[in-house]
Structures are given as structure tokens and as C-alpha cells.
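*Asks:* when you get a sec, could you give me coordinates for this:
(chains A and B)
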Amino acid sequence: MPEITREDVAHLARLAHIDMSAEELDRMTGELSVIVDSIKTVSEVAGDDVPATSHPIPLSNVYRDDVIGETLSNEEALSGAPDNADGRFKVPAILDGE
Amino acid sequence: MSTATADILSFEEAMEKFDPVLGFEVHVELNTRTKMFSSAPNAFGDTPNTNVTPVDLGLPGVLPVINRVAVESSIKIGLALNCKIAERCHFARKNYFYPDTPKNFQTSQYDEPIAYDGSIDIELADGTVFTVEIERAHMEEDAGKLTHMGGATGRIQGAEFSLVDYNRAGVPLVEIVTKPIVGAGERAPELAKAYVAAIREIVKNLGVSDARMERGNVRCDANVSLKPKGQEKFGTRTETKNVNSLRAVEHAVRYEIQRHAAVLDGGGTITQETRHWHEDTRSTTAGRPKSDADDYRYFPEPDLVPVVTDDAWIEKLRSELPEPPAARRKRLQADWGYSDAEFRDVVNAGVMDSIEETIAAGVKPATARKWWMGEISRRAKVADVEPAELGVTPALIVELQGLIDSGRINDKLSREVLDGVLAGEGTPTEVVAQRGLEVVSDDGALLEAIDGALAAQPDVADKIRGGKLQAVGAIVGGVMKATRGQADAGRVRQLILERLGVEG
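*Replies:* Now for the predicted structure:
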């Protein structure tokens, strides 16, 4: 597994919209490297015969019937929003979205 | 970097120099009653932010639960596209920051789509068939709807703020991704349109989506790249987003081919980027270039357990699939005895379903085709609507044709009757009575008109007496004129000959 570099951390911070100082980047690079090293130990134990897992609990096919349930009212939906207008959430215009 | 006003090469010249490679991502909104991961209604056009639950708003501590019907609809789409169905797959988080998703991630599938490795045959208008390979079809959720306010109307450019409605957030989507489509050549724009039309037809036929493009139920991202003739390696592609009508898909692909060709022919390079389609100018402008911000950091969704399928479940769903549209067309053409050209015209005119219903109501195939391709299509064209939207029912055609077959009206009068029915004057029989359109079958009235016509053209009468039977037409014409077309021409001819004592 590749080492975590300071650039990797800066890149992830930017993607996650987290503002980090130079000191924080340094500290986080060290801490994340420790975590990566720990995971490496797990990789050594788990050979090719152990399938990758995406979920710790051995459950599958948990479904809901396609039946309409309770919804929030418009007022409830907007109650936590910093701003709203016309029954909708009001947000700053953000360019460059999908 | 390309500009908004990039020159384009003529399509013909582009085709002489380059081979186009296409790829499509089509998003299909499922018509389940509820959303993908919450029990909020999946409905269009309701009051904003009322079809929402804490799950759809991404409130802290919520747990999503998968909609079983959405999974089954996705499997059906996979089966209809001749895909393999994953024995086991999971959902993944696609992380990005934009107000259309309040969770800051879209729940999607990444390395394990529900369906993969399929193919469908696409038939173009002239009958040419292209096979399009399907890479994958995966399950995900739709995003909320943003309206940009202030500045230009609804455009993000110059907007001061945006308003968000999360009614659409969490609506089940299936994204269908093709493998690169090579070898379409100059048919590429046509194939693009036909492919999206086929996907729309398939999901509509399956009953898993309302498939209304104008409502965004089926949305297409079109990838285009060019490679110089003879070159194996693909060129750099652009992705034109949200091309949301069949005509626009064809135009957008054609435009991008011409634009790429101009850039490459001029020694330039194509920037890998998204493009925006503009219906008004029928051109694209540069969107966002591909960048490291496209690092979505997918990881398995920890709040949802895997989807595991078995043969019994898949075979049960397979047994519920309706007849595929292409197979149905083949069967109907054989049943009705239409020629290839006749049948293609019927399909292209969008009247196949109407003809099927009309025949089921008891009308002969040739007669049903005559009505739908003739009088009804003509009126639809004038009214600028689809033939099926005119309000002509199979029962109406049965009645109208019955009036003709019984000799009460003739073909010419039937057109007037149809006008009357479409004008809301009642049933065909009522219109015949009210407008007095019945064929004159009273021999007395006809003989009176015949005597008048014979007297008006004595020389013609003499010719007929002398055995020149082709002259009868002139007298018949006079009688039809006198009765304003409301006579049975065959009966009139018979009576004229009897009147003149000539053997017919």
C-alpha cells in the first residue's frame, strides 16, 4: 500500500471542503500514515482466499415494500434550513456543479 | 481550450476524414410508488419539499432502506438489455459537494452494478441493424432540483442564489452505460437517436418507468470522440450532458462530430470536458473540464446491506417480462401481412399501437392501415399532434367502416363524417343523420336525377344507346353532382343502363 503524503492529505482536505493549516496537514499526514500501516497488517493476515467485505454484519436483502409512508410537511422540511424562499431551500449560487 | 463559438466542419467532410466513436449514459427514473431508500412518494409536480422524509434530507442519524420493487425493476431492465445479473452487489457512496444532494454524497453503485455485459439490436429507420453493447446498468438515486434565481432567467451564469426542491431527491434511477460504439460512421447521429428511443421504448414496455423525456424520466449524456480514418486508438472524448429529447440527441451528436473534426483538422486537440447542449442555437458550449475534483472517493455504503440474487428470483422476474418491442413488431407485421415498407411507415408514423387496437376491434388490417396512415394521419399533421392524440378510437373506426360497408355512406362522405365526429358532433351515425350525409338509395330520387342528366347530355345518351358504355361515366358524374356526392355510384350506373335499355 502506498504511503500517505502531505499532498494526498491536502488533496483530500480540498475535496472534503475542509480548511486545514500547515501544522494540521503535517500532523494529519503522520496520523493517517499510522492508520494505513495498521491496515497493512490486516492485509498481511487476509490472503487471497478471504473475500473483500463491504459490511461487517452477515446480512443481505433487507428491503422495504413499495408503500408510501409518513413525510415531513414543507414547514418541517425547511425548519432546519438557514434560509428559505418559496417553500424551497435557499442556497448561494454555486458554479461548477454537476 | 475550445471556445463557445468553435467553427465546425461540414458533416460530409468530417466523415471523409474521421470515424466517430459514441458512448451513452442514459438515466431512467423508475415509476415506483416510493423513493429508492425512503417511503416518501415518488411523484412529479407536487408542492416543493413535501415528498420528503428525514432520509431524503440527509438529516443526522437516519437509516435508508432499499425499495424492493426498485431492485426488481432494475433487474428487469438488466434482463431486457440481455445483461448478466450480479449474484451479489452493493451500493456505494459517490462523494461530492453540491446543493442538489443534501447528504453530500449520492448513493449509487460503483464496482458492482446490478446488471452488466448486455447488448441490444438497434434498428434504424431504413431497417439497418446495429448491435450496441451494454457495459452496465446500475441503481442509484436522483438529486434535488435547483432553480437559479436572479441574473439571467434560470441560468446559473449571473445567478444570485438558488432554490432547492428535494421532492426528486432519492427517486430511483437506473443508469445504463454503453460500451464504446464503433463503426456507425455517417449513421452515428441517427443511431444515437434510435438508441435512446429504443431504451425509452424498452423501459416503457416493461412498465418500470413513465419514460416521458419532457419530464426528465429518461435523460441522456452523449459521449463523442473522433479518430482519424484507419486509426485504432480512440481520440479524446467530450460528454454532452442532459440532452433530453430524441431530436436533440441526434443534433448534439452531429454537432459534436463536426466540432471535433474542425478542431482536429486544424491541428488542435480536444479538451476532455463536459459540454452543454443549447436547443436554440443547436450547438454546445464548454462546461467543466475533467479535473481532480472528479475524484468521488467511492466507498461501500455502510448503511445498506448487499443485494443478493438467486436463480429463483431472477427467473420469476424474467417470467414477468412482456414481449420485447422488437419481437412484437415482427409478430404484428407477419400477422397483418404488411410489406416491410408499409410496416416501417406505420412504425415511423407512430400508429402501430392504434392499428393493433383497431384490428382487435374487428377491422381488417388493410382497412385499419388505410384509416390511420391516410385520413387520421393527415388530420394529425394539420393539427400538429400525434395521430393517437386526435381522439379517434377503434370503436369509431369500426362504426365508420361499418357505414361504408353497408353502403349507407361512401368513402368521400366518410371523410366528412370523420370531420363531424372530430368536431364533437357525436357518433358517426349521429353525424350522418345530422348533416344529412346518407347515400341516396331511394331509386325514385336517383331516377329523377338520372333523367335530368340524360336530358342535359342527349348526345352522350345516344352514344350509350349505341353501345359505348365508357360514356356512362359522364352521366354518373352528372348524377353525383346533382345529389352532392350522396349517391352510390355503382347503383347509379346500373339504373342508367336499365333506363336506356342497354345490357351492362
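
*Asks:* mind naming the longest helix for chain A?
*Replies:* helix A:22-45 (DSSP state H).

*Asks:* chain center to that helix: distance?
*Replies:* Counting by Cα atoms, centre = their mean, to the nearest Å, helix A:22-45 is centred 18 Å from the centre of its parent chain.

*Asks:* that helix packs against which elements?
*Replies:* Judged by 3 or more Cβ pairs under 8 Å, 6 or more residues apart in numbering or on different chains; DSSP states H and E, the packing partners of helix A:22-45 are helix A:6-15. To be clear about C-beta, it is placed using only N, CA and C from the backbone, and glycine gets the same treatment.

*Asks:* for the helix it packs on, packing partners?
*Replies:* With contacts taken as 3+ Cβ pairs under 8 Å, 6+ apart, helix A:6-15 sits against helix A:22-45.

*Asks:* partner strands of the next helix or strand after the helix it packs on, with direction?
*Replies:* Beyond helix A:22-45 on the C-terminal side, the first helix or strand identified by DSSP states H and E is strand A:63-64. Sheet pairing of strand A:63-64 (DSSP bridges) gives strand B:66-67 (parallel).

*Asks:* contacts for the partner strand?
*Replies:* With Cβ atoms under 8 Å, 6 or more residues apart in numbering or on different chains as the test, strand B:66-67 has contacts from A:62-64, A:66, B:32, B:34-37, B:91, B:172, B:304, B:307.

*Asks:* what's the answer for stretch B:97-110, then?
*Replies:* A:17, A:89, A:91, A:94, A:97-98, B:36-37, B:56-58, B:64, B:89-96, B:138-141, B:143-146, B:162, B:164, B:166, B:169, B:175, B:298, B:301, B:304.

*Asks:* can we see that at 7 Å?
*Replies:* A:17, A:91, A:94, A:97-98, B:37, B:57-58, B:64, B:89, B:91-95, B:138-141, B:143-144, B:146, B:162, B:164, B:166, B:169, B:298, B:301 (Cβ atoms under 7 Å, 6 or more residues apart in numbering or on different chains).

*Asks:* ok so, going back, buried ones in the longest helix of chain A, by neighbour count?
*Replies:* Neighbour-count burial for helix A:22-45, counted by 16 or more other Cβ atoms under 10 Å in any protein chain shown, picks out A:Met28, A:Thr29, A:Leu32.

*Asks:* try stretch A:52-71
*Replies:* Under the neighbour-count criterion of 16+ other Cβ under 10 Å, stretch A:52-71 has A:Ser54, A:Arg64, A:Asp66, A:Thr71 buried.

*Asks:* go on, stretch A:9-17?
*Replies:* Of the residues in stretch A:9-17, A:Val9, A:Leu12, A:Leu15 count as buried by neighbour count, 16+ other Cβ under 10 Å.

*Asks:* and the average pLDDT for it is what?
*Replies:* Stretch A:9-17 carries an average pLDDT of 89.

*Asks:* now the strands for the stretch 151-300 of chain B?
*Replies:* For the stretch 151-300 of chain B, the strands defined by DSSP state E, counting those that start in this stretch cover B:161-165, B:172-178, B:181-182, B:218-228, B:238-243, B:273-278, B:283-289, B:299-300.

*Asks:* other SSEs contacting the first one?
*Replies:* Spelled out, it's strand B:161-165. Packing partners of strand B:161-165 (3 or more Cβ pairs under 7 Å, 6 or more residues apart in numbering or on different chains; DSSP states H and E): strand A:88-92, strand B:145-149.

*Asks:* how much space between the most centrally placed residue in chain A and B:Leu390?
*Replies:* When Cα atoms, centre = their mean is applied to chain A, the residue found nearest the centroid is A:Ala16 (8.2 Å). According to Cβ to Cβ, to the nearest Å, A:Ala16 and B:Leu390 sit 57 Å apart.
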